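Chemist: I need the structure of the sequence given here:
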Amino acid sequence: MSQSGHQSWQYIMGDWLAAMIPGANINDYTQPPTTAHIAWTRPINFGGVGGQPLAIDSGGDNYYSYLSYEGMFQPPIIMHGRLYYNTPNPPEYGFQCVDLLTGEQIWYNNGTQDPLATQQLGFGFAKQNYPQLSFGQELDYESPNQHGLISYLWVTYTLANGSNVWAMYDPFSGNWICDIVGVPAGAAIFGASSTITDQIGSYLIFSFSPDFKTVTVWNSTQCIQNTNPSLSVANGYWMWRPPLGGIVSANSGLTIYNTTGVPAAFQQTTIGFFGPSNSMGLSLLGIDKQNQIAVYSNATALLGMASFPTPNAIASMGISIAPDSMGQYKWSKIIPYPPGNVTLLSGFVGEGVYSLFIKELTQWITFSSTTGEQLWTSPSEVSLHSYGVTGGIYNGVLYSGDSIGEGGVIYAYDITNGNLLWQTTPTSMGNNGYWDYVPMSVGTFAAGNIYWYGSEHSPGPSLEPGFKIGAVNATTGEPLWNITFWNAGGGFGAGIPIADGYMTALNAYDNQIYAFGKDATSITMQQPLTAAGQRPIVTGRIIDLSPGTKQTAIAMRFPQGVPVVSDKDQTAWMEYVYMQNPEPTDVTGVPIILTFVDSNGNAHVDTVMTDATGAFSYSVPSDMVPIEGKYTITASFSGSGAYWPSKTQTTLLMGSEAAPTPTATPPSSLADLYFVPAIVGLAVLIIIIGVIVVLLLLRKR
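Modeler: Here you go, the predicted model:
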């Protein structure tokens, strides 16, 4: 986007970096979809219900949906109007970039440029020995010589020798740039993230020693900046120069700080199979980025996983990670473990609180992240939340939704006192549903809305109907929209990617990527003609210009274009257009504003509704008929939650100026066109010859 006049557009064009860091599933700097309108779809592999040859009694099985630790598409990244995603299932591999507005591929990279890529550790869940995108970065580099944002894609993996590698790629071309080797462990799928970003977009990883006497901070920007810093061709002279094709040691980005004030009881260590560890079993619970505090606890099981062995007491501690007080002890607490044979699951950290979830009681216990004091305990939630929960802290509210399972309810609690602000009403999945109620896992927070999805940990070959994706208002819980969808990419702690006004997700029902959001429309209008005293009729049509409507399968079904319909009908209409559902019979159109302006500048404005085909018809009012002259007619659509505005113009002649020009009566057949004139011409010629003969005879007399 050009800079001139658009400096404030950053507030509606936020990108999606997909990093596993605090607040990564929040994007308020965008205009997220408020309807189920689909902009385009793109297959990631064969999908839908497979055929049933005689050798297979599949019973309507779906094609493999790449769930259960082999996720395609994950994690999707959105930057600069482009969507980046992985295709990591042998023999498919690599990653690609598509235009977010159209779904068209821009580039593909198979990952073989990186010389270390073939040395990746591969076993179990990580059997893929090839690069996969991990997250994006937007670095605001400022120096006396350079100013502005520089973007990167990062691929992270572990070598066979146990060393962590961050591979840097260019998001514009897809080319590999360099590798950083020996990066400390940070964000992990099965643990809390010890990674945050600083004010310029650098990635910071915090590592406290087991005795909590030191904290080591790794800075991604400092790491590269300190590589050959004195050479003019590298990073000297206030320049940013990642070494193209280079291998960088992560050690150049490490800074070690001494902690201050940590109680002796929290500095005790023990030696185990994996080396020194804290004797109290402390590990990172999470980072409160707003208050720059790292919260450590011995009750740190991942949501959906039990803490084991169960401790006798809950020991927790807060340490500052602010630049001016790095490593400074803030507070510590040792409190009794909840009574009964219960399990604590890790919860959410941020905005001044941290939370734990009592699995068997499905209750939240919430504490202050700045003092460690207990604040409140919630009522029990739906019983099947014992499988775990999804959610987060957003604008002073703790949200708790389903994990990969059933419950069908999202809860919203005031983080200051635990008051239940609202909860959603569960929706039945129907008789064929996998669960009683439609799962509602919290995915993303965007512009005051919660975007949720339904999925399941290890689905069978025949995917049950009834799973959905949708949105509710974060303040009231009011449903905004939903549509049939089995989310197979995004979510699961990383959120559903929403950026630049679009939400993208992978649907296991047909193995296609869907982009939801507003798109363009087009109005066509026929030029009306009339004579004096007659009432002309204005006719026209409005169609959806989304890139998806131009896809071959859609364009063949709708050769005249896909009609524009009302926001309230988007779900049923999109399921008909893109998901092969039956055509809805009660679809309504949209309002078209017709403006008539005469030659004197007088205006007449009226509104007409389109029908299910997108067509409209308007009979000009009788009080306009007597007025002669030329009228300019404008048909305009103001836009909606699903579509952008559009308009068109034509002219209308009223009165004597509109008298039609006489035209010849057309021939009734080809014979009339060619033979009749010839016969008439021959007869005339015969008559002329006859007259000449008579005159000659008279002359002879």
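Chemist: In PDB, could you pull the C-alpha coordinates for stretch 335-347?
Modeler: Backbone C-alpha positions of stretch 335-347 (Å, rounded to 0.1, in the frame of the first residue of the first chain) are rendered in PDB as follows:
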ATOM      1  CA  ILE A 335      -0.500 -22.300  48.800                       C
ATOM      2  CA  PRO A 336      -2.300 -25.600  49.600                       C
ATOM      3  CA  TYR A 337      -3.200 -27.800  46.600                       C
ATOM      4  CA  PRO A 338      -7.000 -27.900  46.000                       C
ATOM      5  CA  PRO A 339      -8.600 -30.600  48.100                       C
ATOM      6  CA  GLY A 340      -9.700 -33.900  46.600                       C
ATOM      7  CA  ASN A 341      -8.200 -36.000  43.900                       C
ATOM      8  CA  VAL A 342      -8.000 -33.300  41.300                       C
ATOM      9  CA  THR A 343      -5.700 -32.300  38.500                       C
ATOM     10  CA  LEU A 344      -4.600 -28.700  37.700                       C
ATOM     11  CA  LEU A 345      -4.200 -27.700  34.000                       C
ATOM     12  CA  SER A 346      -2.300 -24.600  32.900                       C
ATOM     13  CA  GLY A 347      -4.500 -21.700  31.900                       C
END
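Chemist: how about that stretch: buried residues?
Modeler: 338, 343-347 (16 or more other C-beta atoms under 10 Å). Just so you know, the C-beta spots here come from the backbone N, C-alpha and C atoms, and that holds for glycine as well.
Chemist: Tell me the one of those residues nearest N258?
Modeler: Distances from N258 to the buried residues of stretch 335-347, taken as C-beta to C-beta, are shortest for S346 (28.1 Å).
Chemist: quick one: which helix or strand includes the closest residue to G548 other than its chain neighbours?
Modeler: In this structure, G548 finds its nearest non-sequential neighbour in W40, 4.0 Å apart by C-beta to C-beta, 6 or more residues apart in numbering. W40 belongs to strand 38-43 when elements are defined using DSSP states H and E.
Chemist: Quick check: mean pLDDT of that strand?
Modeler: In this model, strand 38-43 carries a mean pLDDT of 97.
Chemist: And for that strand, what's in contact with it?
Modeler: Applying C-beta atoms under 8 Å, 6 or more residues apart in numbering, the contact partners of strand 38-43 are 98, 101-103, 502, 510-519, 546-548, 551, 574, 577-578.
Chemist: how far is that strand from where the chain is centred?
Modeler: 12 Å (C-alpha atoms, centre = their mean, to the nearest Å).
Chemist: Now do the same contact list for the nearest residue to Y237 once chain neighbours are set aside.
Modeler: The spatial neighbour of Y237 that comes closest, neighbours along the chain excluded (C-beta to C-beta, 6+ apart), is N145 at 6.5 Å. N145 sits next to 237-239 when contact means C-beta under 8 Å, 6+ apart.
Chemist: Please repeat the previous calculation with a cut-off of 10 Å.
Modeler: Residues in contact with N145 (C-beta atoms under 10 Å, 6 or more residues apart in numbering) are 237-240.
Chemist: quick one: contacts for P32?
Modeler: Applying C-beta under 10 Å, 6+ apart to P32 gives the contacts 444-449, 451, 471, 480, 496, 498-499, 501-503, 516-517.
Chemist: likewise T102?
Modeler: 39-40, 42, 81, 515, 546-548, 550.
Chemist: Just the buried ones from those residues?
Modeler: By 16+ other C-beta under 10 Å, the contacts of T102 give 39-40, 42, 81, 515, 546-548 as buried.
Chemist: Identify the farthest-apart pair in these.
Modeler: Greatest spatial distance among these (C-beta to C-beta): G81 and G548, at 16.9 Å.
Chemist: what pairs with the most centrally placed residue in the chain across the strands?
Modeler: In the chain, the residue lying closest to the centroid (C-alpha atoms, centre = their mean) is M503, at 2.5 Å. For M503, the beta-bridge partners are I498, F516 (DSSP bridges).
Chemist: returning to that earlier point: in TSV, list the contacts of N145 along with neighbour count.
Modeler: Listed next are these as TSV, based on neighbours: other C-beta atoms under 10 Å:
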residue	neighbour count
Y237	14
W238	11
M239	17
W240	16
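Chemist: which one of those residues sits closest to Q119?
Modeler: When the contacts of N145 are compared for distance to Q119 (C-beta to C-beta), W240 comes out closest, at 27.9 Å.
Chemist: That closest one should be in a helix, yeah?
Modeler: No. When classified by DSSP: H, G, I helix; E, B strand; the rest coil, W240 is found to be coil rather than part of a helix.
Chemist: need the contact list for the nearest residue to it once chain neighbours are set aside.
Modeler: Residue nearest to W240 in three dimensions, not counting chain neighbours: Y141, with 4.8 Å by C-beta to C-beta, 6+ apart. Y141 makes contact with 147-150, 200-202, 221, 225, 238-240, according to C-beta under 10 Å, 6+ apart.
Chemist: And I21, by the same measure?
Modeler: Neighbour list for I21: 135, 186-187, 193-197, 203-204, 287, 289 [criterion: C-beta under 10 Å, 6+ apart].
Chemist: now swap in G286 and tell me
Modeler: Taking C-beta under 10 Å, 6+ apart, we find G286 in contact with 22, 192-194, 293-297, 300, 346-350, 354-355, 369.
Chemist: In which helix or strand does it reside?
Modeler: According to DSSP H and E, G286 maps onto strand 283-288.
Chemist: Just the C-alphas of that strand, formatted as CSV.
Modeler: This file holds the C-alpha atoms of strand 283-288, laid out as CSV (Å, rounded to 0.1, in the frame of the first residue of the first chain):
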residue,chain,number,x,y,z
SER,A,283,8.6,-24.2,35.1
LEU,A,284,7.2,-21.4,33.0
LEU,A,285,3.5,-21.0,33.3
GLY,A,286,3.4,-18.0,31.0
ILE,A,287,4.4,-14.4,30.3
ASP,A,288,2.2,-11.4,31.2
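Chemist: Which residues belonging to the helix or strand following it are considered buried?
Modeler: Next along the chain after strand 283-288, taking DSSP H and E as the criterion, comes strand 293-297. Using 16+ other C-beta under 10 Å as the burial criterion, the residues of strand 293-297 that qualify are 293-297.
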